Each structure stands twice: as structure tokens, then as C-alpha cells.
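*Asks:* Build me a structure from this.
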Amino acid sequence: MACRITELVLDCTDPQRLADFWCEILGYVELGREGLDIEIGPPGRGSGGPQPTLILSHSTDPRRGKLPLHLDVNPTDRDQDAELHRLLAAGASTADVGQSGGESWHVLADPEGNEFCLLRRRVEPVPDDTTA
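*Replies:* The predicted structure is shown next:
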């Protein structure tokens, strides 16, 4: 028997701001709230589906330094350049973590400075089985 990742938890000072950002980026919706924490995930699937949900967990303890874990995202319906423009327009910013400039990915940060990478390869979206 094995485990699988069902939720990713991100500590943040403004869960609503990050929920709005990541919902825009990933096409997610708000699934629920517990106190100040907000869980977002794919529409019509809820927790435990094929994609992990994100829990934006309110914290007053600011992060220090580079996170040991980051998210990678791939475009699903456009090329990398067009997706980069969409992410920047949604509130992402470019981030410098020491890359050389020759990488095939872009290092970005969400509105609270959490780094993530936009990879080059276009992937298929997860099939929408909510209409079946």
C-alpha cells in the first residue's frame, strides 16, 4: 500500500489574497474554510481527488529564507511565453534564486513571495469528469 499527496499546506499572512491568486492560476475554486484558513481545489472534485488541494493557512510567523519545497506549474492551453504573461498579469512576480538565465523554466513568486516555477512543457488538463 502507498500514500498519495492530497493536500499541500502553505502558511501565509493573507489566506484570501493567496486563495484568489492560486484559484486564478490553477483554475481552482474555494472548497471550504476553517477559521482563517481556506482550502482551494479543482471545481466539482473536492478533497481526495486526482489533484491535491491547497490549504492557505493563516500564520503570523513570517517565513525566513528560501522554502525547501516549491511548486512547479505547466501551461495547459497555451505556450510558456503566453502563460508567463498571464501569470504576471495575475500578480506573480519574477524571482531570482540564483538561476543562470539559460534555464528552460521561469522562477516566479506569488503575492507573498513564495517561489514557484513555470515549466516549458505543455501538459493536458485533468479531464473534467464532473459532467459525466
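
*Asks:* what's the pLDDT at residue 4?
*Replies:* Turning to residue 4, the model gives it a pLDDT of 83.

*Asks:* State the number of residues packed around it.
*Replies:* 7 (other CB atoms under 10 Å). Heads up, the C-betas are built off the backbone N, CA and C, glycines and all.

*Asks:* Tell me if it really is in a helix.
*Replies:* No. Per DSSP: H, G, I helix; E, B strand; the rest coil, residue 4 lies outside any helix segment and is coil.

*Asks:* Which helix or strand contains the spatially most central residue of the chain?
*Replies:* Against the mean C-alpha coordinate of the chain, by CA atoms, centre = their mean, the closest residue is residue 22 at 5.1 Å. Per DSSP states H and E, residue 22 falls inside helix 15-26.

*Asks:* Figure out how far that helix is from the centre of its chain.
*Replies:* Centroid separation between helix 15-26 and its chain, computed with CA atoms, centre = their mean, to the nearest Å, is 8 Å.
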